[in-house]
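Engineer: let me see the structure of the following:
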Amino acid sequence: MRKCAFVFLILFLSLSSYLYSQKSVDIDGRLQPLLNEFFEQCEKYGIDYHAKLFQLENIDIVSSLPLEEKNTVLGKVSRNASGKVNQILISWAAMLDPEILKIVAFHEFAHHFLDCKHTCQDCNEIMAVTNISYFAIAQDWENQVETLFKTSPIYLANNKAQTVVVNTFN
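Structural biologist: Down below sits the predicted model:
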């Protein structure tokens, strides 16, 4: 009986280890530093990102997004058949300038990890649908990131849950 229990335990641990190791996200190495920077900001603002990270299959730079006049997509979150985000895709064209790449990456990361929606059509904010001047955003980067995080649905929900009401009536 003892031997059987020991064999079962070893089998269980091996299977658990195998299943756990399958939970990985394929991250393009060119995006890893930006993702790390984004996660540092998440930690600064008290936002947990671990669970949402492992909902993804990959975070990748691709050549399949449209690059046509009036139909250019520099990044997008992709959904599976059940409607859940499973990929964050960045166009290779965003890599032409490091500042544009950073803005597009933070924009797409914010969609998934912060539950952000677009703020406007074109207003020189990270979460705008399009931007005439990515360089204006880059020049105001610290303020842009602070605004992005402090106005995100995740941050607002976390702070609302932590709000304490003090009754000063005697």
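Engineer: so where's this protein shaky on pLDDT?
Structural biologist: 1-22, 161-170 (pLDDT under 70).
Engineer: rerun at 50
Structural biologist: 7, 9, 11, 13-22, 166, 170 (pLDDT under 50).
Engineer: which parts of it are strands?
Structural biologist: 26-27, 58-62, 67-68, 71-72, 75-79, 85-91 (DSSP state E).
Engineer: most packed of those strands?
Structural biologist: Ranked by mean neighbour count, the strands of the chain are led by strand 85-91 with a mean of 21 (mean count of other Cβ atoms under 10 Å). (C-beta placed from N, C-alpha, C; glycine too.)
Engineer: and it, how far out from the chain middle?
Structural biologist: 9 Å (Cα atoms, centre = their mean, to the nearest Å).
Engineer: elements contacting it?
Structural biologist: strand 58-62, strand 75-79, helix 98-113 (3 or more Cβ pairs under 8 Å, 6 or more residues apart in numbering; DSSP states H and E).
Engineer: parallel or antiparallel, list what pairs with that strand.
Structural biologist: strand 58-62 (parallel), strand 75-79 (antiparallel) (DSSP bridges).
Engineer: got the ones you listed as TSV, with distance to Ser24 columns?
Structural biologist: Compiled in TSV, the strands paired with strand 85-91 are given as follows (distance: least, Cβ to Cβ, whole Å):
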stretch	distance to Ser24
strand 58-62	10
strand 75-79	18
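Engineer: so which of the ones you listed gets nearest Ile137?
Structural biologist: Minimum separation from Ile137 across these (Cβ to Cβ) falls at strand 75-79, 14.1 Å.
Engineer: so which residues make contact with the closest one?
Structural biologist: The contact list for strand 75-79 (Cβ atoms under 8 Å, 6 or more residues apart in numbering) reads 65, 85-91, 94, 104-105, 107-108, 111-112.
Engineer: list just the nearest of those to Tyr134.
Structural biologist: Using Cβ to Cβ, the contacts of strand 75-79 come closest to Tyr134 at Val104, 8.3 Å.
Engineer: count the residues that sit near the closest one.
Structural biologist: Neighbours of Val104 under the rule other Cβ atoms under 10 Å: 24.
Engineer: pretty sure it contacts Leu74?
Structural biologist: Yes. Assessed by Cβ atoms under 8 Å, Val104 is found in contact with Leu74 at 4.6 Å.
Engineer: overlap in contacts, those two.
Structural biologist: 90-91, 94.
Engineer: picking that back up, the helices and strands packed on strand 85-91: which one's closest to Val145?
Structural biologist: The nearest among the helices and strands packed on strand 85-91, by Cβ to Cβ, is helix 98-113 at 7.2 Å.
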